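Trainee: next comes the sequence, and after it the predicted model I'd like to discuss.
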Amino acid sequence: QVQLVESGGGLVQAGGSLRLSCAASGRTFSSYAMGWFRQAPGKEREFVAYIDWTGSVALYTDSVKGRFTISRDNAKNTVYLQMNSLKPEDTAVYFCAAYRGPTYYYTTAYDYWGQGTQVTVSS
């Protein structure tokens with residue numbers, strides 16, 4: 001069992017930055033690959049970024065490549081999402097999730113989810 005709690009969301013102007021954190025409980029955190037997803041009002045939850053359990057493999061959806069960076073600190077049971085050059089279209093609730101497979105960009109590939117943190121980017 002893994003419990004996930006996101007933090008770090010807020011209101012930022014376009015072009016600004018935020019760093020989201022996802023704190024996990026449970027001794028097995030370091031064995032899980034992790035993902036970030038987001039959901040805007042009236043839209044489906046969509047994949048944002050993925051990181052394997054070692055932190056050596058990171059994958060992104062095209063719209064955030066070059067702007068967002070996913071990372072993890074297994075000693076702190078935490079995964080991060082550094083978001084730079086934010087755009088109004090990045091506005092959404094952001095969720096972290098623990099991956100079980102097999103396809104990293106599908107929500108159904110994740111077992112455990114946090115409650116989400118709101119990110120709002122003003123123009």
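Mentor: Done, it's in.
Trainee: going by C-alpha atoms from here, please, whenever you check contacts or count neighbours.
Mentor: Will do.
Trainee: distance between the particular helix or strand that has V79 in it and the chain's centre?
Mentor: Per DSSP states H and E: V79 is located in strand 78-83. Between the centre of strand 78-83 and the centre of its chain there are 7 Å (C-alpha atoms, centre = their mean, to the nearest Å).
Trainee: in that strand, what counts as buried?
Mentor: 78-81, 83 (16 or more other C-alpha atoms under 10 Å).
Trainee: how about the residue lying closest to T61 once chain neighbours are set aside, secondary structure?
Mentor: The shortest distance from T61 to any non-neighbouring residue, by C-alpha to C-alpha, 6 or more residues apart in numbering, is to V48 (5.3 Å). Following DSSP: H, G, I helix; E, B strand; the rest coil, the label given to V48 is strand.
Trainee: what's the burial count for V48?
Mentor: Counted by other C-alpha atoms under 10 Å, the residues lying close to V48 total 24.
Trainee: so who does it touch?
Mentor: Neighbouring residues of V48 by C-alpha atoms under 8 Å, 6 or more residues apart in numbering: 35-38, 60-61, 64, 105.
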